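S.K.: can you look at this prediction? I've put the sequence above it.
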Amino acid sequence: MLYWDYAAAAPPYEEVVQTLEQVMRKHFANPSSLHRAGEEADKLIKRAREVCAAALDVLPQEILFTSGATESNNLAVKGAALQYQSRGRHIVTTELEHPSVYESCLQLQKLGWEVTFVPPDSQGVIEPSRIAAAVRPDTVLVSVMHVNNEIGTVQPLREIGQLVKAVNRRTLFHVDGVQGYGKLEAPLKAWQADLYSLSAHKLRGPRGTGILYVREGVTLFPLLTGGSQEQGKRAGTENVPNIVASAKAMRMSGEQRVAFSDRIRPLKAQLENYIAGIPELVLNSREDGAPHIVHFSYPGMKGEVLARRLEELGMAVATRSACSSRQAEPSRILLSMGRDTAAALGGIRISLGDSHTQQDVSRLEQALLAAVQSLKIAEGGMK
Ligand code: PMP
């Protein structure tokens, strides 16, 4: 079976697995404990924070560890909205966002906040001027993702950040960076980002740890209250092995970013060219998108049916993103780009990783053609 679902979960680096085991065995003490063992665990977290900060070119005290990007996004959106409600109760986000941002905004809407959802263009890109036009004096937060997890489009964050701050310099700018880090540059300062979310398992770290950059001077209303861990912004005993291993993964994937992208981008281009040549398929990802995500639709054919056929042929692919794949509804992302329901139901996401070779891509292409042909024949027979 060839695995083509790196955007949902990437296999951890061998060094990450080793670190996890070592820290779990040796440094099980509670970092809040005052004895020596506790202090040592606390030191490991401090060091991990420094590693993550260096990878993002920010300050260690600006790094917060959470349980994943879902928590990071919830804390960024709801924590900022609750903290700064005296400034206003308006939020701007996009129709492309991951459910952890999108649903957080819907929840705030139910509680009386006003949310403007900016749609993308037909290519899945947000036009910066549309964001700027939505920002008002009472806008407390703008949240725009770096790379869309379904179709891989890259959002113009530099322009968006600049425009947001020009319209209202007090508006906070949050970026969900989950699918971009380790694949593309993440210049937080050039984006003028105040908040930035990551998930370790997407960058070959362990499952269950997230990172949230919170620019110095920004306060968040805590969603988890209890102990004073994470500067009181996120209570709960720290997951020391995961935090240390996540920092390692972040450093490694950051260091390998350019080499990874240079190697994987031609494979994506090869696959996209091939898909564009199959008349039944419509390509939704773009050449200038993230280097690891290819997305297409087979209009009229449910994505699940094609994915199952590909699995029979030894290829593990995703229908849209893992978080939404159990829903039978058409993809919200494709609908927001103006695709019809048939195309929005028939989406397949292929995400590439370090292990893939040109030979693997050729095998996938053959499987894809065979799957489409057999489904076409089966469909023809049923008519
Ligand atoms: N944002 C994006 C863009 C994602 O792709 C994901 C993971 N599918 C998340 C947030 C949530 O990450 P996690 O599942 O690790 O909480």
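M.R.: On my side now, so go ahead.

S.K.: how about the helix or strand residue 343 falls within: buried residues?
M.R.: Here residue 343 sits within helix 341-345, counting by DSSP states H and E. The neighbour-count check on helix 341-345 (16 or more other Cβ atoms under 10 Å) flags 343-345 as buried. No exception for glycine: its C-beta is placed from N, CA and C like everyone else's.

S.K.: past whichever strand in the chain runs longest, which element shows up next along the chain?
M.R.: Assignment by DSSP state E gives strand 139-145 as the longest strand of the chain. Sequence order places helix 157-167 as the next helix or strand after strand 139-145, per DSSP H and E.

S.K.: helices or strands up against the helix holding residue 343?
M.R.: Helices and strands touching helix 341-345, as assessed by 3 or more Cβ pairs under 8 Å, 6 or more residues apart in numbering; DSSP states H and E, comprise helix 332-336.

S.K.: now do the same for residue 218: helix, strand or coil?
M.R.: Of the three states, residue 218 takes coil under DSSP: H, G, I helix; E, B strand; the rest coil.

S.K.: could you give the number of residues near the closest residue to residue 167 other than its chain neighbours?
M.R.: Counting by Cβ to Cβ, 6 or more residues apart in numbering, residue 135 is the residue found nearest to residue 167 once chain neighbours are left out, at 4.3 Å. Counted by other Cβ atoms under 10 Å, the residues lying close to residue 135 total 19.

S.K.: tell me the contacts of residue 135?
M.R.: Residues counted as contacts of residue 135 (Cβ atoms under 8 Å, 6 or more residues apart in numbering) are 92, 142, 163-164, 167-168, 171.

S.K.: thinking residue 278 is in contact with residue 372, fair?
M.R.: Yes: under the criterion of Cβ atoms under 8 Å, residue 278 lies in contact with residue 372, with a separation of 6.0 Å.

S.K.: ok, those two, which is more surrounded?
M.R.: Of the pair residue 278 and residue 372, residue 372 is the one with more neighbours under other Cβ under 10 Å, namely 20 against 16.

S.K.: between the contacts of residue 135, which is nearest the ligand?
M.R.: Proximity of these to the ligand (Cβ to the nearest ligand atom) peaks at residue 142, which lies at 16.3 Å.
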